[in-house]
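# Provided below are the primary sequence and the corresponding predicted coordinates.
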Amino acid sequence: MPIRRAELSEIGRLGVTAMRAFVDDPVMRWLYPDDERFLAPGGEIFRPAMLRWLAHREVWTTDDGVALAVWLKPGRPELDVDPAADEPPPPPDLAQRFELLGPLMTANTPPEEHWYLQLLATHPDWQRQGLGAALMAVQFERADAEGLPCYLETETPENVAYYRRHGFEVRREWDIDPDATLGAPGPHMWGMLRPAR
């Protein structure tokens, strides 16, 4: 199956794929519990992040856009990307959640240089066909050639088992534990590392 770098022109299609794939994801739905916002047409919930990811030129996709992998280079360099002019500021509760999540993820990030799998998404209608594995294999080959591990975070035991089958092992676990102003406790997370081979 052909796998290639994604183009900016595909942002809407990739956003829909990501939104459909993550509709039940514990962290995404903790961040965005409101269905009206999360399920907005055109995958709009992912548009700001997708703009940044595409700028890195490390978003890989199937030709039809039904699966994608977002990788960040070692060091996770920041790129300046102009947000959409009509993009509203995040609501205060969302900003609070990101303020809780960000430091926890940073504190649990491996200190060694690595490729970071920011997102792996397959549209539900195309899952269990090996698309995620094929997308990861492209990067594994590069990372192995560079002698670098790959790292990701995930939020379900099923995903932990899936990534273990692809060479990742749990490095750390932690809970997102918000204060009472944000309601129910946040999800449990696993940080997983795949050593270079």
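Perfect, I can see it now.
# Next up, phi/psi of the residue most central in space within the chain, please.
Most central in the chain under C-alpha atoms, centre = their mean is L119, positioned 2.3 Å from the mean C-alpha point. Main-chain dihedrals, L119, degrees, to the nearest 10: phi -160, psi 140.
# Pairing partners for it in the sheet, please.
Beta-bridge partners recorded for L119 (DSSP bridges): V70.
# ok, it touching W71?
No: if you go by C-beta atoms under 8 Å, L119 and W71 don't touch, sitting 9.0 Å apart. C-beta coordinates here come from the backbone N, C-alpha and C atoms, glycine included.
# any low-confidence regions in the chain?
Along the chain, the model assigns pLDDT under 70 to residues 79-89, 178-184.
# For it, just list every one of the strands.
Along the chain, the stretches classed as strands by DSSP state E are 3-5, 59-62, 67-72, 115-122, 150-154, 169-175, 188-194.
# Those strands: which one's closest to R37?
Among the strands of the chain, strand 115-122 comes nearest to R37, with 18.2 Å by C-beta to C-beta.
# Now the closest one - C-alpha only, PDB.
This file holds the C-alpha atoms of strand 115-122, laid out as PDB (Å, rounded to 0.1, in the frame of the first residue of the first chain):
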ATOM      1  CA  TRP A 115      11.500  10.100  17.400                       C
ATOM      2  CA  TYR A 116       8.100  10.900  18.900                       C
ATOM      3  CA  LEU A 117       4.900   9.400  17.600                       C
ATOM      4  CA  GLN A 118       2.500  12.200  18.300                       C
ATOM      5  CA  LEU A 119      -0.500  10.500  16.700                       C
ATOM      6  CA  LEU A 120      -1.400   7.300  14.900                       C
ATOM      7  CA  ALA A 121      -4.900   7.200  13.500                       C
ATOM      8  CA  THR A 122      -6.900   5.000  11.200                       C
END
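# Cool, thanks, signing off.
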